[in-house]
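A.B. asks: Need a 3D model of the following:
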Amino acid sequence: MAVVVNGESLSNKLPWSEIKQTEWFKLLYNDSTLDAFVKSALDNPDNTGIDTKKDLIFFAVKDSVGGYIAFEGTIKDEAAFKKFVTQVYENGKTESKDGMNYLSKNDITASWKDGMFVVAGNAPMLNQDNLMKELGNADQSAPVNTSRDMVVACQNVYALKEDKSLAKDDKMSDLMKSKGDMHFWMNTEALYSGSLSNAALSMMNISKLYKGSFTTGVVNFDNGQINMDFKSYSGKEMTELTKKYSGSSLNKDMIGKMPSKNVVFFLSINFKPEGVREFLKLAGLDGFANMGSAFLGFNVDDFVKANKGDIALSISDIRTDSMGRPDASFLFTASIGDQAAFDKLIAAGKKIGKEEMGGQLDSKIFYSSNKNYFAIGNQQTDVNGFVGSAKNAEMPFMNKIGNSPIGMYIDIQQMIKGVGASEMNRDSLSTIAYQATLNMWQDVLMSGGKLKDGAVEQHVEINLVDKNTNSLKLLNKYINVLVDIENKKKAKYAAMFDESTFGDEPVVVAEP
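C.D. replies: Predicted coordinates for the structure are as follows:
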């Protein structure tokens with residue numbers, strides 16, 4: 001995994017001078033236990049000698065023993081950097097090896113060479129076998145040596161040739177060409193491989209699902225928005241499966257029959273049902289799926305025939321009931337392929353429902369279908385309207401997510417108003433927190449699922465209420481309000497239970 005932080009961009013969007021004005025910063029800075037070198041860094045990050053206007057890189061390397069985590073960047077003032085790390089290492093002695101200066105303590109090495117620094121620490125828990133043993137869930141009879149020479153690890157970073165690094169990867173190169181405040185690259189195959197659970201599941205070909213897979217992403221803190229774009233790459237077999245069976249766009253006819261007012265959450269997927277069967281085969285799970293579904297009266301082929309490839313879920317009209325508990329209306333819909341096969345799925349659903357409800361179906365759940373669609377929900381009018389001839393106004397967010405195989409929407413404003421309103425009246429501090437949250441968040445949109453240039457693309461858009469200020473500044477202000485409220489609550493509760501509040505009246509013990 002590697003994360004590249006654009007120091008110049010983030011510094012311009014949120015200057016350190018603004019961070020220093022926040023309550024959480026002042027609380028940290030005024031901590032009497034804080035070391036002088038930490039205060040110096042808080043006064044001005046340049047006092048560390050690090051060039052904070054250049055890219056800062058965080059990365060993790062995993063191997064059979066475990067791995068290590070590192071942080072690297074550019075040095076602006078070598079003397080200041082040496083002074084800072086020496087203080088961090090409690091006036092430790094600087095050593096040199098092959099032109100690299102370093103200090104080491106407790107499996108962490110800070111090093112610098114030729115205007116660059118690398119701080120690296122041993123991370124044996126990156127190997128899931130080691131993690132399981134640490135948690136006591138694995139055989140302890142064969143302990144593994146997880147020690148690592150972090151000086152050598154740092155040397156290897158400096159000695160790394162470009163053609164042996166991520167820089168040679170064309171996908172990483174394309175990623176870094178895109179505008180972004182943060183870029184990241186994650187080797188999904190390395191993350192999941194080598195664990196005890198994966199070894200146990202190897203006979204089911206689970207490894208084929210993540211073999212050759214990795215994900216790239218970029219994050220931008222724009223005015224009134226946080227935008228995230230991801231690309232997911234897979235191995236040859238998964239890529240071919242995705243290419244052949246991925247969906248096209250959401251079923252607007254089906255979605256148009258769903259209630260469009262006061263929608264708090266919406267998720268819809270378009271897919272080719274045959275892809276489910278091929279996915280199970282690739283993973284070696286088709287036999288297990290058929291055995292499990294047989295108890296319910298259908299098989300994988302029935303599931304494939306029953307579905308036409310469209311599903312959608314909406315949650316609307318979120319509210320609190322008379323007892324103050326959250327409540328909402330939900331509706332799940334699906335397009336029907338083969339009616340006889342779909343009837344088997346309905347029968348299976350009834351069977352599960354009766355078993356869960358002690359022999360009878362929940363009277364608050366309604367379902368119905370016509371020759372094209374099926375609907376189930378907790379409002380009879382919504383279900384009847386959907387399978388009838390109802391045609392509702394288009395959901396306002398569909399123009400942003402409708403042309404993708406996967407689309408999601410969350411209305412944070414309605415969610416806060418529907419559930420959080422009860423918190424507003426608890427006390428004045430809760431009211432401030434409620435209002436700050438309401439003034440901060442608007443909604444979330446997610447779209448994606450299309451295969452382009454060998455990758456499945458996804459886009460996430462978090463919209464904020466203030467459209468004229470960059471989202472990093474808004475996050476800083478919002479966090480500051482919440483921290484200030486939390487500190488005031490702690491002070492309030494401390495005062496309530498302070499012994500002095502009970503007065504100095506002597507305690508009189510009654511005679512027996």
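A.B. asks: Which elements pack onto the top helix by length along the chain?
C.D. replies: Counting residues, the longest helix in the chain under DSSP state H turns out to be helix 471-496. Applying 3 or more CB pairs under 8 Å, 6 or more residues apart in numbering; DSSP states H and E, one finds that helix 471-496 makes contact with helix 7-13, helix 16-19, helix 23-29, strand 214-222, helix 428-438, strand 455-464. All C-beta atoms are positioned from the backbone trio N, CA, C, and that covers glycine.
A.B. asks: Columns mean neighbour count on top of those, output as CSV?
C.D. replies: Output for the helices and strands packed on helix 471-496, formatted as CSV (neighbours: other CB atoms under 10 Å):
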stretch, mean neighbour count
helix 7-13, 16
helix 16-19, 13
helix 23-29, 15
strand 214-222, 20
helix 428-438, 16
strand 455-464, 18
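A.B. asks: and the angle for the longest helix of the chain with helix 428-438?
C.D. replies: 170 degrees (axes from the mean of the first three to the mean of the last three CA atoms, to 10 degrees).
A.B. asks: Okay, buried residues for helix 471-496 please.
C.D. replies: Of all the residues in helix 471-496, those buried under the rule 16 or more other CB atoms under 10 Å are 471-474, 476-478, 480-485.
A.B. asks: Now it: average pLDDT?
C.D. replies: Helix 471-496 comes out with an average pLDDT of 91.
A.B. asks: now that helix: how far from the chain's centre is it?
C.D. replies: Remark: helix 471-496 is offset 24 Å from the chain centroid, using CA atoms, centre = their mean, to the nearest Å.
A.B. asks: where's stretch 74-88 relative to the chain centroid, distance-wise?
C.D. replies: Put simply, stretch 74-88 sits 34 Å off its chain's centre (CA atoms, centre = their mean).
A.B. asks: Stretch 112-131 too?
C.D. replies: Centre-to-centre, stretch 112-131 and its host chain are 23 Å apart (CA atoms, centre = their mean).
A.B. asks: got it, and stretch 18-33?
C.D. replies: Computed by CA atoms, centre = their mean, the separation of stretch 18-33 from the middle of its chain amounts to 28 Å.
A.B. asks: who's in contact with that stretch?
C.D. replies: 34, 39, 42, 473, 476, 479-480, 483-484, 487 (CB atoms under 8 Å, 6 or more residues apart in numbering).
A.B. asks: So for residue 399, which of the helices and strands packed on helix 471-496 sits nearest?
C.D. replies: Smallest distance to residue 399 across the helices and strands packed on helix 471-496 (CB to CB): 12.8 Å, for strand 455-464.
A.B. asks: So in that sheet, which strands flank that closest one, and in what orientation?
C.D. replies: Its sheet considered, strand 455-464 pairs with strand 225-233 (antiparallel), strand 441-452 (antiparallel) by DSSP bridges.
A.B. asks: and stretch 307-322, which residues are buried?
C.D. replies: Across stretch 307-322, burial judged by 16+ other CB under 10 Å covers 307-319.
A.B. asks: Just put the residues you listed in a markdown table and tack on secondary structure and distance to residue 53.
C.D. replies: Formatted as a markdown table, the buried residues of stretch 307-322 follow (DSSP: H, G, I helix; E, B strand; the rest coil; distance: CB to CB, whole Å):
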| residue | secondary structure | distance to residue 53 |
| --- | --- | --- |
| 307 | strand | 53 |
| 308 | strand | 54 |
| 309 | strand | 50 |
| 310 | strand | 49 |
| 311 | strand | 48 |
| 312 | strand | 47 |
| 313 | strand | 46 |
| 314 | strand | 46 |
| 315 | strand | 45 |
| 316 | strand | 47 |
| 317 | strand | 49 |
| 318 | strand | 45 |
| 319 | strand | 49 |
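A.B. asks: Any chance of JSON lines for those, columns pLDDT and distance to residue 236?
C.D. replies: As requested, the buried residues of stretch 307-322 are arranged in JSON lines below (pLDDT from 0 to 100; distance: CB to CB, whole Å):
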{"residue": "307", "pLDDT": "95", "distance to residue 236": "27"}
{"residue": "308", "pLDDT": "96", "distance to residue 236": "29"}
{"residue": "309", "pLDDT": "95", "distance to residue 236": "24"}
{"residue": "310", "pLDDT": "96", "distance to residue 236": "29"}
{"residue": "311", "pLDDT": "96", "distance to residue 236": "28"}
{"residue": "312", "pLDDT": "96", "distance to residue 236": "32"}
{"residue": "313", "pLDDT": "96", "distance to residue 236": "33"}
{"residue": "314", "pLDDT": "96", "distance to residue 236": "37"}
{"residue": "315", "pLDDT": "95", "distance to residue 236": "39"}
{"residue": "316", "pLDDT": "92", "distance to residue 236": "42"}
{"residue": "317", "pLDDT": "88", "distance to residue 236": "47"}
{"residue": "318", "pLDDT": "86", "distance to residue 236": "44"}
{"residue": "319", "pLDDT": "80", "distance to residue 236": "50"}
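A.B. asks: Apart from its neighbours in sequence, what residue is nearest residue 11?
C.D. replies: Nearest residue to residue 11, sequence neighbours excluded (CB to CB, 6 or more residues apart in numbering): residue 53, at 5.8 Å.
A.B. asks: thought the one you found was touching residue 8?
C.D. replies: Yes. Between residue 53 and residue 8 a contact is recorded at 4.7 Å, counting by CB atoms under 8 Å.
A.B. asks: overlap in contacts of these two?
C.D. replies: With CB under 8 Å, 6+ apart as the test, residue 53 and residue 8 reach no residue in common.
A.B. asks: who's in contact with residue 276?
C.D. replies: Contact partners of residue 276, counting by CB under 8 Å, 6+ apart, are 300, 303-304.
A.B. asks: one more time with 10 Å
C.D. replies: 245, 286, 289, 300, 303-304, 307, 309 (CB atoms under 10 Å, 6 or more residues apart in numbering).
A.B. asks: Can you pick out the most distant pair from those residues?
C.D. replies: Greatest spacing in the contacts of residue 276, by CB to CB: 286 and 309 (19.0 Å).
A.B. asks: Domain boundaries for the protein, per the record?
C.D. replies: Domain segmentation of the chain under automatic domain parsing yields 2-160, 234-494.
A.B. asks: can you put the ones you listed in a markdown table and add distance to residue 225?
C.D. replies: A markdown table is the format used below for the domains of the chain (distance: least, CB to CB, whole Å):
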| stretch | distance to residue 225 |
| --- | --- |
| domain 2-160 | 13 |
| domain 234-494 | 6 |
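A.B. asks: between those, which gets nearest to residue 174?
C.D. replies: Across those, closest to residue 174 is domain 234-494 (CB to CB), at 8.8 Å.
A.B. asks: start to end distance for that closest one?
C.D. replies: Using CA to CA, to the nearest Å, the end-to-end distance of domain 234-494 comes to 54 Å.
A.B. asks: circling back: between the domains of the chain, which one is closest to residue 166.
C.D. replies: domain 2-160 (6.1 Å).
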